[in-house]
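In: sequence first, then the predicted structure:
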Amino acid sequence: MPQSRPKPGDRRNALQKRKKAAPAKSDLSQRAKRKLERLQQAALSGDADAQLSLANFLRTPAWKSHNPRSAANWAMKAAEQNHAEAQYFVGCCFATGEGLAKDAKEAVRWYRKAARQGHAEAQYNLGTMYWLGEGVRRNSSLARQWIAMSAEAGGILAKKLLADAYQLGMFGFPPDKALAKRWRRLAAV
């Protein structure tokens, strides 16, 4: 039996029911505002995790409050408290010039601080900066060490790079098919 078209009144009733079931946008934004206020209070009180969370919020272009300079400043406050993820964040800001003046030497300094705490992405970035000679004197030996440490710490990009390097005998890594296979397998996990 063919279905009949809904009557205009039926459609209006269905829309009204859906509107009642969904929370109002103002309710959602009020909850978000309250959460942001609590986050700001915790950041102002010196909580490094809250400072980094606020930095990530302010860094996100989708938010109306997008402010890379303020994001970098909040991350710097957490980084100065020896927060490894915040140190990595600050290193990225200096490396890209997002929120802070682009400065390869400062990027290396902050990546090194995070890398020494075992931050895999910072170790990888530090290794690539040594390899390229950005912000430091080019040093392929230190580059290989930091990239290997990153891979051991779980860094996916470092694992992929080591797989290729051992496969092709690149970047001063000797050709080694077994190690290439190992790193490729670990990178796929």
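Out: Arrived safely, thanks for sending.

In: need the contact list for Asp49.
Out: 42, 78, 83 (Cβ atoms under 8 Å, 6 or more residues apart in numbering). Where you see a C-beta, it was placed from the backbone N, CA and C, and this is true even at glycine.

In: chain neighbours aside, what residue packs nearest to the last one?
Out: Meaning His83. Ala48 (4.3 Å; Cβ to Cβ, 6 or more residues apart in numbering).

In: ok, now the second one?
Out: Nearest residue to Ala78 in three dimensions, chain neighbours excluded: Ala86, at 3.5 Å (Cβ to Cβ, 6+ apart).

In: redo the contacts of Asp49 as TSV? Include neighbour count and pLDDT.
Out: Below are these laid out as TSV (neighbours: other Cβ atoms under 10 Å; pLDDT from 0 to 100):
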residue	neighbour count	pLDDT
Ala42	16	97
Ala78	26	98
His83	21	98
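
In: out of these, which comes closest to Lys160?
Out: His83 (27.2 Å; Cβ to Cβ).

In: check contacts around the closest one.
Out: Applying Cβ under 8 Å, 6+ apart, the residues contacting His83 are 48-49, 51-52.

In: could you do Trp183 as well?
Out: By Cβ under 8 Å, 6+ apart, Trp183 lies in contact with 151, 159-160, 162-163, 166.

In: gap between it and Met129?
Out: 21 Å (Cβ to Cβ, to the nearest Å).
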